[in-house]
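In: Let me see the structure of the following:
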Amino acid sequence: MRGEYQTSYYSATHQFDFDMNQIYAYRPLPMMAAKLTAGEIYLDSQVFDTVRFTGLNLASDERQLPPNLQGYAPEIRGLAKTNAKVTVKQSGRIIYETTVPAGPFNIQDLRSSVRGTLDVQVEEQDGSISTFQVNTANIPYLTRPGYVRYNVAVGAPSRYNHKIQGPGFASGDFSWGITNAWSLYGGLQSAGAEYTAVSAGIGRDLSVLGALSLDATESYSQQSNQKRLKGTSFKLSYAKTFDEYNSSITFAGYRFSQEDFRSFSQYLNERYEGYDSLGREKEVYTITGNKTFWADEPGKATTVFLTYTHQNYWNRSSQDRYGISLGRSFNVGNIRGITTNISAYRSDYEGRKDDSIAFSLSIPVGDSKWSGLDVQTNNGKTSPMLSYTDSSDYNNLWRLRAGASQSGYANVDGYYQRRSQYAEINSNASYQQDHYVSLSSTLRGGFTATRHGAAIHNSGATLNTARVMVNTNGIGDVPLNDGKSRTNNFGIAVIPDIVSYNSFDTRVDVDAMSESIEPAKAISTATLTEGAIGYQTFGMAKGEKMMGIIRLADGTYPPFGAEVINGDGVSVSMIMEGGQGWLAGVNPQELLSVVWSGKKQCQIAIPPTIVRRSTAALLPCK
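Out: Take a look at the predicted model:
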């Protein structure tokens with residue numbers, strides 16, 4: 001069972017908000033390479049637009065496919081005038097939120113299921129808000145030969161207040177890999193007499209020329225006045241990587257929709273809300289690409305990113321967004337790793353042009369320390385800022401900037417990020433002469449509890465990622481995976497944000513561990529399904545070390561290779577010739593068992609006082 005909620009507090013109005021947006025349960029079905037979800041769901045379809053509903057969904061899980069056949073996730077590029085909060089919404093629902101420092105930003109970790117029109121909001125520290133839209137789409141819908149991807153859903157549309165609104169419906173789509181080069185895809189979405197949509201398309205692997213897909217969707221919808229509408233939408237998609245030129249067209253696409261075409265979400269908005277908040281798209285074409293010059297020369301390598309989107313609507317003005325970004329890293333004398341970037345964006349909506357240009361220069365002044373210059377121009381007004389950044393400590397990153405605002409006032413801001421095993425804290429502070437002082441902070445973390453134990457832990461707050469609970473036999477302060485996690489006083493730790501369906505190693509940081517702790521093993525490997533909580537036990541012994549000679553009652557010694565284990569079953573020594581053994585993690589007067597031939601043969605007692613010395617203590621085995 002999963003619940004997705006959002007909380008916020010506004011100190012100026014003393015307003016606290018808590019919204020439980022989504023309640024659902026799901027189960028991965030590895031034998032079917034599929035996932036079954038029940039509850040409040042967002043339809044994740046390669047063919048039809050997203051719609052929120054309450055019901056059941058059975059879909060192929062393409063994360064189990066080869067990486068080159070997995071879904072495409074869009075990038076969002078923009079400019080922040082100050083330290084800012086960036087919020088990405090889809091159909092009014094927040095799907096991503098983060099804090100970015102002033103300057104150009106690039107969001108690359110959206111989920112691959114994100115499709116359609118995204119509303120991006122940039123909230124500056126002075127309270128000003130700017131918005132723009134990003135149109136996302138899929139790369140050509142190709143499936144490997146002989147394999148069928150499918151997505152079946154049944155339910156009823158639901159609102160954010162958890163109430164049903166609209167007719168019951170069923171939806172199904174598929175993609176069938178006919179050959180290495182051809183894929184056939186399509187689907188049916190029906191709510192009875194009120195709404196039906198049928199889609200069909202083909203995907204073609206053009207080998208060295210890239211990949212192409214073409215499809216058409218026809219909709220039949222009934223308006224509130226009983227008028228029936230029929231319309232068609234056509235879509236063309238193309239993707240290509242030019243390895244020999246160190247460049248790629250990440251996505252290029254064109255879509256045209258007739259005036260009477262309605263997606264299911266558009267139909268629901270018109271029929272049950274009385275409006276179409278996002279507008280009815282008439283024509284959309286978009287292209288994003290990049291090119292790296294002098295890729296084989298690190299001191300000269302320069303990368304250029306280009307993006308362009310044009311949208312026409314039947315019921316509102318058109319919108320254009322252009323973007324170009326150029327980045328380069330170079331050396332000057334003994335100073336290596338100087339980086340510079342210049343970005344320019346323009347959005348044109350309802351006759352209003354919004355232009356932004358940013359220039360940044362970063363010069364290394366020490367180990368993971370930089371001095372920099374940031375210059376931003378928005379609609380002809382310029383703001384220069386000097387900066388200093390220190391990320392030499394992975395767990396503590398901070399940045400200070402000082403300069404002038406676009407209106408000529410003194411401006412100072414700072415950013416601090418603190419990572420710990422329990423949480424990640426991001427704090428911002430900003431001051432502008434005669435205008436404002438702003439402070440903000442975000443806290444990201446998690447709490448996991450199972451029958452094996454519980455622990456507070458850091459978390460990237462990524463939805464439905466897997467995690468591993470580690471049990472170190474009640475021994476605390478054991479570092480794991482390069483210090484990213486550490487066991488609590490009960491010997492429990494959680495390693496979060498593990499990529500599902502990928503092999504993952506849970507490692508004990510032996511070199512960073514206390515000398516008094518002795519692990520029975522140092523690494524364990526597992527592959528987890530989506531959202532799973534794995535459980536790994538690491539036998540640990542905590543105590544002192546000593547050399548001993550284990551001798552049996554008849555004066556002989558245990559056989560070579562016999563083990564000495566403590567009361568928890570953890571091996572603390574391996575017996576060598578002449579009964580000698582180096583015992584680690586033992587305590588005064590502790591009883592230990594000597595094991596060979598698969599069973600406990602006798603016991604030894606550790607002396608009341610342990611002295612670490614080269615001479616071995618005699619340990620009778622009784």
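In: what residue ranges in the stretch 451-600 of the chain are flagged as low confidence?
Out: Scanning the stretch 451-600 of the chain with the threshold set as pLDDT under 70 gives 460-463.
In: how about a cut-off of 50?
Out: Judged by pLDDT under 50, the stretch 451-600 of the chain has no weakly predicted residues.
In: How about the stretch 1-150 of the chain?
Out: 68-69, 71-72.
In: just the helices in it please.
Out: Assigned helices in the stretch 1-150 of the chain: none (criterion: DSSP state H, counting those that start in this stretch).
In: again, but for the chain
Out: All helices of the chain, identified by DSSP state H, fall at 264-268.
In: What are the boundaries of the strands in the stretch 1-150 of the chain?
Out: Assigned strands in the stretch 1-150 of the chain, in chain order: 2-10, 15-29, 34-42, 52-60, 76-80, 84-90, 93-100, 103-107, 116-123, 129-136, 148-157 (criterion: DSSP state E, counting those that start in this stretch).
In: Looking at these, spot the one closest to Ile342.
Out: Between Ile342 and the strands of the stretch 1-150 of the chain, the shortest gap by CB to CB is with strand 103-107, which sits at 8.8 Å. Yep, even glycine has a C-beta here, placed from its N, CA and C like the rest.
In: Need the contact partners of that closest one.
Out: Contact partners of strand 103-107, identified using CB atoms under 8 Å, 6 or more residues apart in numbering, comprise 75-80, 86, 88, 96, 98, 325, 341, 343, 358, 360, 374, 376.
In: Repeat that for stretch 264-272.
Out: With contact meaning CB under 8 Å, 6+ apart, stretch 264-272 is reached by 48-51, 91, 157, 165-166, 169, 171, 189, 191, 194-195, 197, 219, 221, 223-224, 262, 275-278, 280.
In: end to end, how far does it reach?
Out: Terminal residues of stretch 264-272 lie 12 Å apart, using CA to CA, to the nearest Å.
In: Quick check: the gap between Gly453 and Ile523.
Out: In this view, Gly453 and Ile523 are 21 Å apart by CB to CB, to the nearest Å.
In: Just the buried residues out of the contacts of stretch 264-272, in ChimeraX syntax.
Out: This is the ChimeraX syntax for the buried subset of the contacts of stretch 264-272, where burial follows 16 or more other CB atoms under 10 Å:
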select :48,49,50,51,91,157,166,169,171,189,191,194,195,197,219,221,262,276,278,280
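In: residue contacts, Glu518?
Out: Counting by CB under 8 Å, 6+ apart, Glu518 touches 540-543, 545, 570, 572, 584-585.
In: ok, 6 Å please
Out: Counting by CB atoms under 6 Å, 6 or more residues apart in numbering, Glu518 makes contact with 541, 584-585.
In: So which of those residues wins on neighbours?
Out: Using other CB atoms under 10 Å as the neighbour test, the contacts of Glu518 are led by Ala541, with 26 neighbours.
In: burial of the closest residue to Asn489 other than its chain neighbours, as a residue count?
Out: The shortest distance from Asn489 to any non-neighbouring residue, by CB to CB, 6 or more residues apart in numbering, is to Gly476 (4.6 Å). If you count neighbours by other CB under 10 Å, Gly476 ends up with 16.
In: Just the strands from the stretch 251-400 of the chain, written as ranges.
Out: Applying DSSP E, counting those that start in this stretch to the stretch 251-400 of the chain gives strands spanning 281-293, 302-313, 319-332, 335-349, 352-366, 369-378, 381-393, 396-404.
In: quick check: angle from the fifth one to strand 381-393?
Out: Angle of strand 352-366 versus strand 381-393, following axes from the mean of the first three to the mean of the last three CA atoms, to 10 degrees, is 40 degrees.
In: Any idea how far strand 352-366 is from the middle of the chain?
Out: How far strand 352-366 lies from its chain's middle: 26 Å, per CA atoms, centre = their mean, to the nearest Å.
In: Next: the last one.
Out: Relative to the centre of its chain, strand 396-404 is centred 26 Å away, using CA atoms, centre = their mean.
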